[in-house]
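> Dropping the sequence and predicted coords here.
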Amino acid sequence: MSLTSNGVLSALPFLLQLISKVVYVGFADIARRREWASMDTITKICNSSASFGIAICFGLLCFADCTQRGTAIFLVCMAMSFVSGYIPGYSTSVVTIAPAQTAGIAAFSRFWGQIASSVAPYHIGAFTKQGTPAEWMSVFSTMGAICIATGVFFHCCGTVSLQHWDSDHSKAPIEIAREELIDSSKLDDSLRITTVD
């Protein structure tokens, strides 16, 4: 199906992704607030459900042919919904493992994500020259395998714990923020605003 043939169906995966982001983030916040599990565990649950959920959807897409358009649309919508799990998953890890290095870590991870996003359409085009089901099966199974590999890697190695190599590792992010606030008691008298009664 062409992306331009039906605007509603083209927008549906992204609408469901918006809704699922609220659900995932809500779950992560409630789980943290009620202390159902550690932040590492919550992050890994969200990230794993994203990686493995997408992989399952792509795996099932391998078996959906042109006569099963509704099934294919449903699976694409579900895959996009699972993508939202990365927000309370690896995205949380990026900003918490080293608060003093957040910009560099985020830029590094975004750089590699952007390369993958840029290269993927060319590879898909190279694999699907004829558009046969076998070619698409190869594309979907490759994407599923990548999701599984990255999901397993993050589950084994990912963390939200403050890392020892961070320059401000002895302080929690909230403590750093408090120190950066201006203490009004230390202001020079010439900077104080006085009011006349």
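That came through, no problem.

> Please work out how many residues are found near the nearest residue in space to Ala37 that is not next to it in sequence.
Once flanking residues are discounted, Ala37 sits nearest to Ala31: 6.1 Å by C-beta to C-beta, 6 or more residues apart in numbering. Bear in mind the C-beta positions are built from the backbone N, C-alpha and C, glycine included. Other residues near Ala31 come to 18 when the count uses other C-beta atoms under 10 Å.

> And Gly26, by the same measure?
There are 11 residues near Gly26, going by other C-beta under 10 Å.

> Check which helices and strands the one helix or strand Gly59 maps to is in contact with.
For Gly59, the host element (DSSP states H and E) is helix 39-61. With contacts taken as 3 or more C-beta pairs under 8 Å, 6 or more residues apart in numbering; DSSP states H and E, helix 39-61 sits against helix 7-33, helix 69-83, helix 92-96, helix 133-157.

> Flag every buried residue along the shortest one.
Which is helix 92-96. Residues of helix 92-96 classed as buried under the neighbour-count rule (16 or more other C-beta atoms under 10 Å) are 92-94, 96.

> Wait, the residue nearest to Ala37 touches Ile42, no?
Yes: using C-beta atoms under 8 Å, Ala31 is in contact with Ile42, at 4.9 Å.

> Not counting sequence-adjacent ones, nearest residue to the most centrally placed residue in the chain?
Nearest to the mean C-alpha position of the chain, by C-alpha atoms, centre = their mean, lies Tyr86 at 2.6 Å. Here the nearest residue to Tyr86 in space, its sequence neighbours aside, is Ala50; by C-beta to C-beta, 6+ apart that works out to 4.9 Å.

> neighbours around that neighbour, how many?
The local packing of Ala50 (other C-beta under 10 Å) involves 27 other residues.
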